[in-house]
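1. Have a look at this fold, sequence not included:
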């Protein structure tokens, strides 16, 4: 009997809010893609509703949010809540950006699985995604 085929991990990378700088998000998207994942990058100025709609349409296993604006305590929880409302609580939310260390634990308590702070390497991010996101069969 044939083994089920594993599909690549599908990750949506998004820039919620009014951030106008997306170089880091693009670098992470490229690193994940180079590691064999399917990556959807939504571009700048996404609302939480737009991000969740894209995540559902693209059938992703994870959403990576990049936030530099300081609105992380609002935007991360809103994305998680909308995913729950849509029956997609199994979608893993992780992120990074300019986030005070004091807020990292608060975000994790609200359901964010991992936060990568400035200085995190793309290797570290890729390894975390591979270790924590399951590919679908």
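-> Looks like it came in fine. Bear in mind the structure is a predicted one, so any value in this text is a computation, not a measurement.
2. neighbours around the closest residue to residue 104 other than its chain neighbours, how many?
-> Sequence neighbours aside, residue 115 is the residue nearest to residue 104 in space, at 4.7 Å (criterion: C-beta to C-beta, 6 or more residues apart in numbering). C-beta here means a position set from N, CA and C on the backbone, and glycine is covered the same way. For residue 115, the tally of surrounding residues (other C-beta atoms under 10 Å) stands at 21.
3. helix or strand right after the strand or helix carrying residue 115?
-> Under the criterion of DSSP states H and E, residue 115 resides in strand 114-116. Scanning forward in sequence from strand 114-116 by DSSP H and E, the next helix or strand is helix 122-132.
4. Can you give the contact residues for the strand holding residue 115?
-> Here strand 114-116 makes contact (C-beta atoms under 8 Å, 6 or more residues apart in numbering) with 94, 95, 96, 99, 104, 107, 108, 124, 125, 128, 132.
5. are any of these buried, and which?
-> 94, 95, 96, 99, 104, 107, 125 (16 or more other C-beta atoms under 10 Å).
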